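> how would this look folded up:
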Amino acid sequence: MLSGYKIGDSRVVESRELGDGDTIRRRRETLDGKYRFTTYERIERPPVMVVKRSGSRELFDQSKLLDSTRKSVGKFFNSDSEVEAVVSQVEDMIYRADRNEVTSEFIGQKVLEVLADVNEVAYVRFASVFLRFKSIDEFEQILRDIRRRSK
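Numbering: from 1, shown residues only. Okay, here's the model as predicted:
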């Protein structure tokens, strides 16, 4: 349908920032006015390496963080978009740290910071997985910390 046309052969009719703030939706029209189409532009961020507990390194992967967070917090959110919002905040914190390398512990601490403000039960559940709780005492300590913070 649009073969033979290039983006340069179009003009922007409307631009809108999408909810995540990192994507711009542009509604375009060919210069001859025959066709309309939509393009999406995402901010390209520099690659960040994650140093795992084992010492291995891998590129930061937002979808991997989303999956692990989703598994850790269980069903304590009303929708998937709430978990995505948590991960989006954590991703922003990672990039604002302005480092080309972060530890998995750094990422886990950022998840805990966000969850502490969003959902206390999900916070405790994530903390138990991330901090590898081995006793009831560790659960009791985190509950005391939450109560102290909420006063």
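
> excluding its backbone neighbours, what's nearest Glu41?
Ile24 (4.6 Å; Cβ to Cβ, 6 or more residues apart in numbering). Bear in mind the C-beta positions are built from the backbone N, C-alpha and C, glycine included.

> tell me the domain ranges of this structure?
Here the domain parsing of the chain from automatic domain parsing is 7-42, 49-150.

> List the buried residues of the shortest one.
Translated: domain 7-42. Judged by neighbour count using 16 or more other Cβ atoms under 10 Å, the buried positions of domain 7-42 are 10, 22, 26, 28, 30.

> Check stretch 104-117 too.
Quick answer for stretch 104-117 (16+ other Cβ under 10 Å): 104, 107-108, 110-112, 114-116.

> got TSV for those residues, with distance to Arg132, pLDDT and secondary structure too?
Shown next, in TSV, are the buried residues of stretch 104-117 (distance: Cβ to Cβ, whole Å; pLDDT from 0 to 100; DSSP: H, G, I helix; E, B strand; the rest coil):
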residue	distance to Arg132	pLDDT	secondary structure
Ser104	13	96	helix
Ile107	15	97	helix
Gly108	11	95	helix
Lys110	18	97	helix
Val111	15	96	helix
Leu112	13	94	helix
Val114	20	95	helix
Leu115	17	94	helix
Ala116	18	91	helix
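
> Show me which of these is closest to Pro46.
Minimum distance to Pro46 across those is 16.3 Å, recorded for Ile107 (Cβ to Cβ).
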